[in-house]
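>>> Provided below are the primary sequence and the corresponding predicted coordinates.
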Amino acid sequence: MAVSIRNLTKTFGEQKAVNNISFEAKRGVITGFLGPNGAGKSTTMKMATGYIRPTAGSVIVDGIDVTNDPIKAKRSTGYLPEHNPMYLDMYVREFLQFIASAYGLSNSKSRVEEMIELVGLQREKSKRLSALSKGYRQRVGLAKALIHDPKVLILDEPTSGLDPNQILEIRNVIKNIAANKTVVLSTHIMQEVEALCDHVVIIDKGELVADDDLNVLKAGLNESNGIVLEFESPIDKSAFEKAGFELQDYELNAYLVSSERADLRAELLRITSENDLPLVSLTKAQKSLEEIFHRLTQTTKG
């Protein structure tokens, strides 16, 4: 287990920012770490990377207790904070060489070139950091986090403020490096979680409210007997109503049917066929991750 968080708590005066949370992040898995503003995400990530000490509990990274040996733990951790700090007067290659030297890498020159290749900085490698777009600065930050080949990569809002093309490019970089690392990704963008993450941890008001694989979480919080019927054009619902079904408007030309009948799909298809209705698709109803997130973070006590 590359990252293990146990009973982690952080208080600031009388305020409990993080309250006794526990979860694990596995190697080869991208774990999405989610929560509303003020939920305690950034505080948790700062404790996980050794930037602040917990009030109670522990963070174990690659078998190392971050509180007891923060320097050794940081050698196994790469961190890209939301506000990516760098020396803007330096050039890309110069800056990465500086970071490699700070880690004491014996192969610093070759490692810098590897990182430039990995994150797609070839065209920008001779520019000053101040001349880079935000997307390329994020790539530099990712290269900085990866240059010492950490086993754990912690990313805080890695695509914040990027345009759609830059978002796709950064996502692809993260996917490519995730196979052999433990990746924890904090973000407010639900589409990003669905595109990248295998596992999801959600906190609210400092409390853990979800910790599960993404597909399990979505399946568990969806109605098992809801069916969505989509038609080419609006339909007369009377044929369904005569058979005892209530069709609720779902979206344009689509209707939701909820029923306890075991043969629900077959019955709906029969009615559609017998009445020559222009059916496009019949699918199980699925709540979006946004809806699941809203439900979990609106029902927490506190």
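Received the coordinates, thanks. Numbering: from 1, shown residues only.
>>> host element of the residue nearest to Ile170 when sequence neighbours are not counted?
Leaving out its chain neighbours, the residue that sits closest to Ile170 by Cβ to Cβ, 6 or more residues apart in numbering is Thr159, at 5.2 Å. (C-beta placed from N, C-alpha, C; glycine too.) Assigned by DSSP states H and E, Thr159 belongs to no helix or strand.
>>> What is the neighbour count of Thr159?
For Thr159, the count of nearby residues is 23 (other Cβ atoms under 10 Å).
>>> again, but for Lys218
The burial count for Lys218: 18, using other Cβ under 10 Å.
>>> Tell me how far it lies from Val193.
11 Å (Cβ to Cβ, to the nearest Å).
>>> cool, and Lys16?
For Lys16 relative to Val193 (Cβ to Cβ), the value is 26 Å.
>>> can you give me the helices in the stretch 51-200 of the chain?
With DSSP state H, counting those that start in this stretch as the criterion, the stretch 51-200 of the chain has helices at 70-75, 92-102, 108-118, 134-146, 164-178, 190-196.
>>> related to what we said a few turns ago, overlap in contacts of Lys218 and Val193?
Leu289 (Cβ atoms under 8 Å, 6 or more residues apart in numbering).
>>> picking up where we left off before, tell me the pLDDT at the residue nearest to Ile170?
The per-residue pLDDT reported for Thr159 equals 83.
>>> just checking, it touches Gln138?
Yes - counting by Cβ atoms under 8 Å, Thr159 touches Gln138, with 7.3 Å between them.
>>> C-alpha coordinates for stretch 59-79, CSV please?
Taking C-alpha atoms only, stretch 59-79 is exported to CSV below (Å, rounded to 0.1, in the frame of the first residue of the first chain):
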residue,chain,number,x,y,z
VAL,A,59,0.2,9.3,7.1
ILE,A,60,2.4,6.4,5.8
VAL,A,61,4.0,6.9,2.4
ASP,A,62,5.8,3.9,1.0
GLY,A,63,6.2,2.5,4.5
ILE,A,64,7.5,5.8,5.9
ASP,A,65,5.7,7.8,8.6
VAL,A,66,5.5,11.3,7.2
THR,A,67,5.5,12.9,10.7
ASN,A,68,8.4,10.9,12.0
ASP,A,69,10.6,11.2,8.9
PRO,A,70,9.3,13.9,6.6
ILE,A,71,12.5,14.3,4.5
LYS,A,72,12.7,10.6,3.6
ALA,A,73,8.9,10.5,2.9
LYS,A,74,9.3,13.5,0.5
ARG,A,75,11.9,11.6,-1.5
SER,A,76,9.1,9.1,-2.3
THR,A,77,6.5,11.8,-3.0
GLY,A,78,6.0,14.2,-5.9
TYR,A,79,3.6,17.1,-5.2
